[in-house]
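Q: Need a 3D model of the sequence below.
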Amino acid sequence: MTDSQQPAIVQSTTVAGWPVLWMLTWREIIRFFRQRNRVVGAVGQPILFWLLFGAGMNTMFQLPGQSFSEYYIPGTLVLILLFTAIFATISIIEDRNEGFLQSVLVAPIPRWSMIGGKVVGGTIIAVLQSIVFLLFSLTLGIRLSIVDAAVLLTFITLTGIGLTCLGVTIAWRLESTQGFHAIMNLLLMPMWLLSGAFFPVPAPTATSGFVQAGLHWLMRMNPVTYGVAGIRRLMFGEKIDLIASEVWIPQLATCWLVTIVFCVLIYLGAWRAAGRRIAGDLR
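A: So this is what the prediction gives:
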């Protein structure tokens, strides 16, 4: 067999991951600004909830030193992060149905860069939307220094990363948007409701019944609880000490630790999920 008749040897090369990550991140941002209905869904609905629930429940809220409108602000911020994570990661299913995801999967790129592009893009969008609401909430007289605002945005970013990674992990295994919405209603929204966002985490007492004690530990094991509590402590500071005697609120250091660990573990879960093929990838 001559040299010209010998089969060619194909050498597989892997493209550097960081340019791919930023390219996919930029794609998510462009996609967001081209779909303006996502702004209404991710920001408009939580703000509407905040206005309606705040107007209706201020007279019934009984925690000292804080109105329900103030108490609900951290929960609304996390709800914006959650909705953004849902809208950002549901595009995974759309990309699979359109064939774009299959093209990325067969490309010689690191798997972490593909997941990172989706997570970073979704988190940037989530933080930008949360800043809009945060500026809107300043009408209640909340004052933050530049340092406090920077620390708060850092914590919000970590919470957004965790929720976006959770959305990626769930969406990767699904082949229809209907299935994703079903999981959202079954898992993601209950996680938000059981985080102290809408009603406080009940403090355990000697007279607590089985239901109250079970609810307390269920909310305490929820990682989103620590995201809401961390934002609450960073925004309201000393006001939290007035209500900490009546409800359970974790310390700020605990909130940082749990949120960071949650981000790392759920990112590894998303990375692992992206390494598995499903039937939809073969279409």
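
Q: Would you state the strands of the stretch 51-200 of the chain in chain order?
A: Using DSSP state E, counting those that start in this stretch, no strands are found in the stretch 51-200 of the chain.

Q: now for the top helix by length along the chain, which elements pack on it?
A: The helix that spans the most residues within the chain, counting by DSSP state H, is helix 68-98. The contact analysis (3 or more CB pairs under 8 Å, 6 or more residues apart in numbering; DSSP states H and E) places helix 68-98 against helix 17-34, helix 45-57, helix 100-106, helix 111-137, helix 146-172, helix 177-183, helix 189-193, helix 223-236. C-beta coordinates here come from the backbone N, C-alpha and C atoms, glycine included.

Q: cutoff 6 Å now
A: For helix 68-98, the packing partners by 3 or more CB pairs under 6 Å, 6 or more residues apart in numbering; DSSP states H and E come out as helix 45-57, helix 111-137, helix 146-172, helix 177-183, helix 223-236.

Q: which one of those helices is the most hemmed in?
A: Ranked by mean neighbour count, these are led by helix 223-236 with a mean of 25 (mean count of other CB atoms under 10 Å).

Q: any idea which helix or strand comes after that helix?
A: Proceeding N to C from helix 223-236, the next assigned helix or strand is helix 238-243, under DSSP states H and E.

Q: Can you mark which positions in that next one are buried?
A: 239-240, 243 (16 or more other CB atoms under 10 Å).

Q: Can you say which of the helices and strands packed on helix 68-98 is nearest to residue 201?
A: For residue 201, the closest of those is helix 223-236, at 6.6 Å, according to CB to CB.

Q: Quick one: distance of the closest one to the chain centre.
A: 13 Å (CA atoms, centre = their mean, to the nearest Å).

Q: what does stretch 61-80 give?
A: 19 Å.

Q: swap in stretch 87-107?
A: Here stretch 87-107 is found 20 Å from its chain centre; the criterion is CA atoms, centre = their mean.

Q: Show the end-to-end separation of it, please.
A: Terminal residues of stretch 87-107 are spaced 25 Å apart (CA to CA, to the nearest Å).

Q: Residue 222 contacts residue 197, doesn't it?
A: No: counting by CB atoms under 6 Å, residue 222 stays clear of residue 197, with 10.3 Å between them.

Q: Of those two, which one has the most company?
A: Using other CB atoms under 10 Å, the more surrounded residue of residue 222 and residue 197 is residue 197, with 26 against 20.
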